[in-house]
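Asker: Below is the sequence, then the predicted model.
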Protein chains: 2
Amino acid sequence: MLATLIHGERDIRVEEVPDPQLSTGGDAIVRVVAACVCGSDLWPYRGVTPTSRPHRIGHEFVGVVEAVGPDVGRIRAGDFVIAPFYDCDMTCANCRNGFSTSCLNGGWWGAKDRLGGFADGAQGERVRVPHADGSLTAVPGGEPDWAMVPHLLTLADVMGTGHHAAVSAGVRAGSTVVVVGDGAVGLCGVLAAARLGAARIVAMSRHSSRQSLAREFGATDIVEERGEEGIARVKELFDGIGPDCVLECVGTAESMDQALRSARPGGQVGFVGVPNGGSELPIREMFDTNVGARGGVAPVRNYIDELLVDVLSGAIEPGRVFDLELPLTQAAEAYAAMDERRAIKVLLRP
Amino acid sequence: MLATLIHGERDIRVEEVPDPQLSTGGDAIVRVVAACVCGSDLWPYRGVTPTSRPHRIGHEFVGVVEAVGPDVGRIRAGDFVIAPFYDCDMTCANCRNGFSTSCLNGGWWGAKDRLGGFADGAQGERVRVPHADGSLTAVPGGEPDWAMVPHLLTLADVMGTGHHAAVSAGVRAGSTVVVVGDGAVGLCGVLAAARLGAARIVAMSRHSSRQSLAREFGATDIVEERGEEGIARVKELFDGIGPDCVLECVGTAESMDQALRSARPGGQVGFVGVPNGGSELPIREMFDTNVGARGGVAPVRNYIDELLVDVLSGAIEPGRVFDLELPLTQAAEAYAAMDERRAIKVLLRP
């Protein structure tokens, strides 16, 4: 079958690889219907994190179950499933606490898993899914219309991650919110904040197409300024003191600084941008202002059931973050388009 | 009148100073019935923070109102009042949000206030209180029995600060909790967590008298180990993953590290120890574990009404943290006793 491998900086290739095999008893083999490229895939693509040897890449997919191991009970062949960007058993203490990204038995796509096998990357024709009963969510009604697929695909990562930013920032009905970052996750953060009932949502963005989508997702205001100017503008919009909640959806030192200094005293930053080249959090500043920080790698599996209802009803349309669709064979172009910001997020269709 | 001044490292003197005068229209003059020494007073005492010139010190007191300015309406002469460790108007946006320590018009005892005057330190016979209507809480029923005074005095700082640690850590009914720090604030943190319904509370302490009080305040377990050993012991007590909530009540780099690495994935650290010599918060570690951090200078004024009910009913007895009472004239000995850990907390009686 075909799958995407990263060979090094800006070197993405779609190659013939062996078909995945059931091996643990708890596995499923899923035929991928749609996958996509994540902002975090760009770190190795750009060489910011090194690639020491060619390996499978990708961690977001939806598809149809082709086979399951003998220990799998909840998931069946023929199910249309959403996979989170990791595998998890959903039975350990951390999964039960709502933090399946810290599953005591889980693992990451494209890495050695804790069962000793190699979990496939997701940008391919098929994927072996460990802990299928825990990891996968079957969509009621089987394979949906194609128009629904992009929305479902966002539940694998970006919509769940934007939701995690909002939840971590404590967004609730009536909250005032600022979203730092206008990538797919930031835009999903706007949508998540609106869904949770935020009274006012500021999207910080300089790109007109992203500003438009942010407004359609529920942003009430756009701020183009950054740094000191951006902070001053945001404070001004909220009684001179700043908003209750800030969603940090970038992961740089600058964006975190922007987020922490924008929140009002006693406010909260929910952060989901993978920290890259970032400084540590300034404890004295946080102490003086009582601005909290909470977030991290989003436990999207724990959010899928709740968000799926709203996706299936059409209440939210997070799949609108996909503004380019390419065949899997053009994965290299998908990476380039995102790297050059020609696309917000690219869907790959095997 | 007499008041305490710090002249430099380990140089505390009780001296004759001018009586305070009403000056802003919103002031009250309070005759101090009881004051005390705070752990944070030990930073200048030990020379960790420099003292460039002699100045008034102390920020916790209760007393009787002797006079009020013409703009004061809620507070009256004769009221027995609790003052928080700062002054605040309780009408600005931050005060209304529950964060009166960020009052847009407030200030700190012993410092220039934002009205341009000098707010007295609290370890003296009388104190001028700016924003009397906002800052002060009149205790119903007037001057209480002496036995009640120490409990009321803790609402000026330590009990409210311990409560803030618990609230910031998200303690609720059924939570599992670890408290780092066995000073007066840490012990009040134990009491606050128990009051909020925590299911299990571990006090980290090596001092037998503090361990005893922690148990009486509601600690279910004591851990004497620190560092890696302490973390391992705490994880072991909670399913191998750690507690939901950790209260950081010290303020050193070591104690914060202990707190962050003890919490379970998705847990929360509530920190109230004034950061001194501390490192910044490790964002990558927090990202990977989803452990949040929230806290800071405690808005005790916002908590007084709620806690006062339980103090007056006898449901909580936070004043038990005072294990030494001295006349104001022996303030120097009070500092020495706390510095040498001969006392947990010292009450000063003018």
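Answerer: Good, I have the coordinates. Owing to the predicted nature of the structure, the values given are computational and were not obtained by experimental measurement.

Asker: what's the neighbour count on A:Phe322?
Answerer: A total of 21 residues lie near A:Phe322 under the criterion other Cβ atoms under 10 Å in any protein chain shown. Placement of C-beta: from N, CA and C, glycine included.

Asker: I figured it hits A:Lys345, correct?
Answerer: Yes: in this structure, A:Phe322 is within contact of A:Lys345 by Cβ atoms under 8 Å, at 5.2 Å.

Asker: any residues in contact with both of those two?
Answerer: Overlap of the contact sets of A:Phe322 and A:Lys345 (by Cβ atoms under 8 Å, 6 or more residues apart in numbering or on different chains) consists of A:Cys36.

Asker: List the buried residues in stretch A:292-310.
Answerer: Neighbour-count burial for stretch A:292-310 flags A:292-304, A:307-308, A:310 (criterion: 16 or more other Cβ atoms under 10 Å in any protein chain shown).

Asker: Write out the residues of chain A neighbouring chain B.
Answerer: A:93-94, A:97-99, A:101-102, A:104, A:168, A:239-241, A:256, A:264-266, A:268, A:271, A:274-275, A:278-284, A:286-297, A:299 (Cβ under 8 Å from any Cβ of the partner chain).

Asker: distance between the ends of stretch A:48-62?
Answerer: 28 Å (Cα to Cα, to the nearest Å).

Asker: Same check on stretch A:6-22?
Answerer: Its start and end residues considered, stretch A:6-22 measures 24 Å (Cα to Cα).

Asker: again with stretch A:131-142
Answerer: Counting by Cα to Cα, you get 20 Å between the two ends of stretch A:131-142.

Asker: picking that back up, going through the residues of chain A next to chain B, which ones are buried?
Answerer: A:93-94, A:97-99, A:101-102, A:104, A:168, A:239, A:241, A:256, A:264-266, A:268, A:271, A:274-275, A:278, A:280-283, A:286-297, A:299.

Asker: Of the buried residues of stretch A:292-310, which belong to helices?
Answerer: Among these, DSSP state H puts A:300-304, A:307-308, A:310 in helices.

Asker: quick one: contacts for the nearest residue to A:Leu196 once chain neighbours are set aside?
Answerer: Excluding the flanking residues, the one nearest A:Leu196 by Cβ to Cβ, 6 or more residues apart in numbering or on different chains is A:Val171, at 4.7 Å. By Cβ under 8 Å, 6+ apart, A:Val171 lies in contact with A:177, A:192-193, A:196-198, A:244-245, A:247, A:270.

Asker: Which members of those are classed as buried?
Answerer: Using 16+ other Cβ under 10 Å as the burial test, the contacts of A:Val171 include A:177, A:192-193, A:196, A:198, A:244-245, A:247, A:270 as buried.

Asker: Count the residues that sit near A:Glu325.
Answerer: Neighbours around A:Glu325, by other Cβ under 10 Å: 15.

Asker: so A:Val37 makes contact with A:Tyr335?
Answerer: Yes: look at A:Val37 against A:Tyr335 with Cβ under 8 Å: they come within range, at 5.9 Å.

Asker: quick one: the spatially closest residue to A:Val300 that is not a sequence neighbour and B:Ala169, what's the gap?
Answerer: Sequence neighbours aside, A:Gly160 is the residue nearest to A:Val300 in space, at 2.8 Å (criterion: Cβ to Cβ, 6+ apart). As judged by Cβ to Cβ, to the nearest Å, A:Gly160 and B:Ala169 stand 25 Å apart.

Asker: between the two, who's got more neighbours?
Answerer: Between A:Gly160 and B:Ala169, counted using other Cβ under 10 Å, the more crowded position is B:Ala169 (35 against 29).

Asker: Would you map the helices across chain A?
Answerer: Using DSSP H, helices in chain A cover A:42-45, A:93-96, A:132-135, A:149-154, A:158-168, A:184-195, A:208-217, A:227-237, A:253-262, A:283-289, A:300-313, A:331-339.

Asker: Give me every residue in contact with the longest one, excluding its own residues.
Answerer: Right, the one you point to is helix A:300-313. Residues contacting helix A:300-313 (Cβ under 8 Å, 6+ apart): A:82, A:84-86, A:88, A:90, A:95, A:98-101, A:134-135, A:137, A:139-140, A:148, A:151-152, A:154-157, A:159-161, A:163-164, A:195, A:316-318.

Asker: Restricting to C-alpha, output that helix in PDB.
Answerer: Taking Å, rounded to 0.1, in the frame of the first residue of the first chain, the C-alpha atoms of helix A:300-313 are listed here in PDB:
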ATOM      1  CA  VAL A 300      -9.200  14.800  22.100                       C
ATOM      2  CA  ARG A 301     -10.500  11.300  22.600                       C
ATOM      3  CA  ASN A 302     -12.200  12.400  25.700                       C
ATOM      4  CA  TYR A 303     -14.000  15.200  23.800                       C
ATOM      5  CA  ILE A 304     -15.000  13.300  20.700                       C
ATOM      6  CA  ASP A 305     -18.400  12.000  22.000                       C
ATOM      7  CA  GLU A 306     -19.500  15.500  23.000                       C
ATOM      8  CA  LEU A 307     -18.300  17.300  19.900                       C
ATOM      9  CA  LEU A 308     -19.500  14.600  17.500                       C
ATOM     10  CA  VAL A 309     -23.100  15.300  18.400                       C
ATOM     11  CA  ASP A 310     -22.700  18.900  17.300                       C
ATOM     12  CA  VAL A 311     -20.800  18.000  14.100                       C
ATOM     13  CA  LEU A 312     -23.500  15.400  13.100                       C
ATOM     14  CA  SER A 313     -26.300  17.900  13.800                       C
END
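
Asker: For it, what is the distance to the chain centroid?
Answerer: The chain centre lies 13 Å from the centre of helix A:300-313; the measure is Cα atoms, centre = their mean, to the nearest Å.

Asker: now do the fourth one
Answerer: Computed by Cα atoms, centre = their mean, the separation of helix A:149-154 from the middle of its chain amounts to 12 Å.

Asker: Give me the average confidence score over that helix.
Answerer: Regarding helix A:149-154, the rounded mean pLDDT is 98.

Asker: Check the longest one too.
Answerer: Along helix A:300-313, the predicted confidence averages to a pLDDT of 98.

Asker: returning to what we had before: what do A:Val37 and A:Tyr335 both touch?
Answerer: By Cβ under 8 Å, 6+ apart, the residues touching both A:Val37 and A:Tyr335 are A:Val346.
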